[in-house]
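*Asks:* With the input below, show me the fold.
(one chain, ligands or ions: 2)
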Amino acid sequence: MIITDVSVSVFSTTTRRHSDSAGHGHPGPAHKVQQAMLTINTEDGHQGYSFCPPEIVRPHILEKFVKKVLIGQDYRDRERLWQDLAHWQRGSAAQLTDRTLAVVDCALWDLAGRTLNQPVYKLLGGYRDKMPAYGSIMCGDELEGGLATPEDYARFAEKLVKRGYKGIKLHTWMPPVSWAPNVKMDLKACAAVREAVGPDFSLMIDAFHWYSRADALALGRGLEQLGFDWIEEPLDEQSLSSYKWLADNLEIPVLGPESAAGKHWHRAEWVRFGACDILRTGVNDVGGITPAIKTMRMAECFGMNCEVHGNTAMNLHVVAASKNCRWYERGLLHPFLEYDDGFDYLKSLSDPMDEDGFVQVPDRPGLGEDIDFDFIENNRVQ
Ligand SMILES: O=C(O)[C@H](O)[C@@H](O)[C@@H](O)C(=O)NO
Ligand SMILES: [Mg+2]
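*Replies:* Numbers count the residues shown, from 1 in each chain. Ligands and ions are numbered 1, 2, ... in the order given. Below you'll find the model as predicted:
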């Protein structure tokens, strides 16, 4: 049960996703990027794995923090190991981030599942083995036939309905799109999609994250007319009072926080402060599966749903272990990309979706990622 080593393999992988100046993804030509696989080894020959950008587990982070906390410890003590690693953050000169906590915690959960031959969500306490997915569309762009007009969004929404999705979330246009942000255009895209999918289909929006209170209110009022299920991150999430003001002034549920720091502790303050109607968590946002589950259970105590941010196996298992979460966020999607092609370093999808729009948790141990170890070794750069 004792952890004997923690290592990182950096490898080259091909993607068509390109990040803009705000970090949002858009389609582009296939290009090589580097990805890291963190491996935790135990004395009895078991491994746990997790993936992240290489900088999250760069040598300084691995040697100064991760190995110091993990090596020689019982891998089953995930709560203590998470607390010990989180304790290092304050004095790390902001070098030890929640993303590192997340990748370590995920590898520890994967290790437990692989060792016990059980899927992680069963170790968390399973609630369901399949759940509905909403199609989470990429931010708008200025690509001909992409997501450049309200009609483009409507056409893509029709395609997603045919694929089986029972819900769709629009990320609307944001800088660096030349004329964005624009509330009127956001509402035109939402109206076009509502027209395309009909009055009873679940629609949500994830808007420009820095609207003023006045713009966010105008957007929310327009969405109320269109019967949207929630409005997400229209304001800077550092302003708790602005979100309370917005939630107090809108009927449409306000959902958050996604990107705010502070893990499950700060999300408790959002609930306490009445800053949202639906809470949000995400494995990468709060520092792992361990704090994501804590956030989910805390929301349940207040009779609130908590929607999980992001795709991939780690978030899927949190959804599968929770009742007060309606959806799995499957994305990000774009007309120019085929999401079901997956990643070249995984032999199969971690989130396969059937034609009825349900994602089935793969019946594989741990996080269930079908890792192509030969691909990783053959494309290893470090
Ligand atoms: O870069 C981001 O903010 C995320 O990719 C984001 O666009 C998306 O994952 C999201 O907000 N989902 O709710
Ligand atoms: Mg979001």
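*Asks:* for the helix or strand where Phe51 lies, packing partners?
*Replies:* Following DSSP states H and E, one finds Phe51 within strand 47-52. Using 3 or more Cβ pairs under 8 Å, 6 or more residues apart in numbering; DSSP states H and E as the contact test, the elements touching strand 47-52 are strand 25-42, helix 98-116. All C-beta spots, glycine's among them, are computed from the backbone N, C-alpha and C.
*Asks:* most tightly surrounded among these?
*Replies:* helix 98-116 (a mean of 24; mean count of other Cβ atoms under 10 Å).
*Asks:* Downstream of that one, the next helix or strand is which one?
*Replies:* In N-to-C order, the element after helix 98-116 by DSSP H and E is helix 120-124.
*Asks:* May I have that next one as CSV, with CA atoms only?
*Replies:* Presented in CSV, the C-alpha positions along helix 120-124 are these (Å, rounded to 0.1, in the frame of the first residue of the first chain):
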residue,chain,number,x,y,z
VAL,A,120,-13.8,5.2,-9.1
TYR,A,121,-17.5,6.1,-8.9
LYS,A,122,-18.2,2.9,-7.1
LEU,A,123,-15.6,3.7,-4.5
LEU,A,124,-17.1,7.2,-4.1
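*Asks:* just use 165 as the starting number from now, easier for me
*Replies:* Yes, from this point I'll number from 165; that puts the last item at helix 284-288.
*Asks:* counting contacts, what elements does the next helix or strand after that helix pack onto?
*Replies:* Note on helix 284-288: by DSSP H and E, the next helix or strand toward the C-terminus is strand 294-301. Packing contacts for strand 294-301, counted by 3+ Cβ pairs under 8 Å, 6+ apart, involve helix 314-327, strand 331-335, strand 366-370, strand 492-497, strand 522-524.
*Asks:* For strand 294-301, buried residues please.
*Replies:* The neighbour-count check on strand 294-301 (16 or more other Cβ atoms under 10 Å) flags 295-301 as buried.
*Asks:* That strand pairs with which strands, parallel or anti?
*Replies:* Applying DSSP bridges, strand 294-301 is found paired with strand 331-335 (parallel), strand 492-497 (parallel), strand 522-524 (antiparallel).
*Asks:* is it anywhere near ligand 2?
*Replies:* No: Strand 294-301 stays clear of ligand 2 (Cβ under 5 Å from the ion), getting no nearer than 7.9 Å.
*Asks:* pLDDT on that strand, on average?
*Replies:* Strand 294-301 shows a mean pLDDT of 98.
*Asks:* rewinding a little: which of the strands paired with strand 294-301 sits closest to His473?
*Replies:* Smallest distance to His473 across these (Cβ to Cβ): 6.5 Å, for strand 492-497.
*Asks:* Centroid-nearest residue for this structure?
*Replies:* Gly474 (1.8 Å; Cα atoms, centre = their mean).
*Asks:* That residue looks like it's in a helix, true?
*Replies:* No: counting by DSSP: H, G, I helix; E, B strand; the rest coil, Gly474 falls outside a helix, being coil.
*Asks:* Leaving out the residues flanking it, which one is nearest to it?
*Replies:* Gly446 (5.0 Å; Cβ to Cβ, 6 or more residues apart in numbering).
*Asks:* can you check Thr459 too?
*Replies:* Thr445 (3.9 Å).
*Asks:* Could you do Gly426 as well?
*Replies:* In space, Gly426 is closest to Glu433, 7.4 Å off (Cβ to Cβ, 6+ apart).
*Asks:* Now the one you found: which helix or strand?
*Replies:* helix 427-437.
*Asks:* got a list of contacts for that helix?
*Replies:* Identification of contacts with helix 427-437 by Cβ atoms under 8 Å, 6 or more residues apart in numbering yields 250, 262, 404-405, 407-408, 420-421, 424, 426, 439-440, 443-445, 450-451, 455-456, 458-459, 462-463, 466, 468.
*Asks:* Sort out for me which of these are in helices.
*Replies:* Here DSSP state H is the test, and these give 250, 262, 404-405, 407-408, 450, 455-456, 458-459, 462-463 as lying in helices.
*Asks:* how does the chain divide into domains?
*Replies:* Domain assignment for the chain by the TED database gives 166-281+537-542, 286-524.
*Asks:* before we move on, the earlier item: nearest approach to ligand 2 belongs to which of the helices and strands packed on strand 211-216?
*Replies:* strand 189-206 (12.2 Å; Cβ to the ion).
*Asks:* Which strands border that closest one, and is each parallel or antiparallel?
*Replies:* strand 167-183 (antiparallel), strand 211-216 (antiparallel).
*Asks:* quick check: mean pLDDT across it?
*Replies:* 98.
*Asks:* how about it as PDB, C-alpha atoms only?
*Replies:* The C-alpha trace of strand 189-206 is given here as PDB (Å, rounded to 0.1, in the frame of the first residue of the first chain):
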ATOM      1  CA  GLY A 189     -10.600  26.600 -27.500                       C
ATOM      2  CA  HIS A 190     -11.300  27.000 -31.200                       C
ATOM      3  CA  PRO A 191     -10.800  24.600 -34.200                       C
ATOM      4  CA  GLY A 192      -7.700  24.900 -36.300                       C
ATOM      5  CA  PRO A 193      -5.200  22.900 -38.200                       C
ATOM      6  CA  ALA A 194      -3.900  19.700 -36.600                       C
ATOM      7  CA  HIS A 195      -0.800  20.400 -34.600                       C
ATOM      8  CA  LYS A 196       1.400  18.700 -32.000                       C
ATOM      9  CA  VAL A 197       1.200  19.700 -28.300                       C
ATOM     10  CA  GLN A 198       2.800  18.100 -25.300                       C
ATOM     11  CA  GLN A 199       0.800  16.300 -22.600                       C
ATOM     12  CA  ALA A 200       2.000  14.700 -19.400                       C
ATOM     13  CA  MET A 201       1.000  11.400 -17.700                       C
ATOM     14  CA  LEU A 202       1.600  11.300 -14.000                       C
ATOM     15  CA  THR A 203       2.200   7.800 -12.600                       C
ATOM     16  CA  ILE A 204       2.000   6.800  -8.900                       C
ATOM     17  CA  ASN A 205       3.700   3.500  -8.100                       C
ATOM     18  CA  THR A 206       3.200   1.400  -5.000                       C
END
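*Asks:* That concludes my questions; thank you for your assistance.
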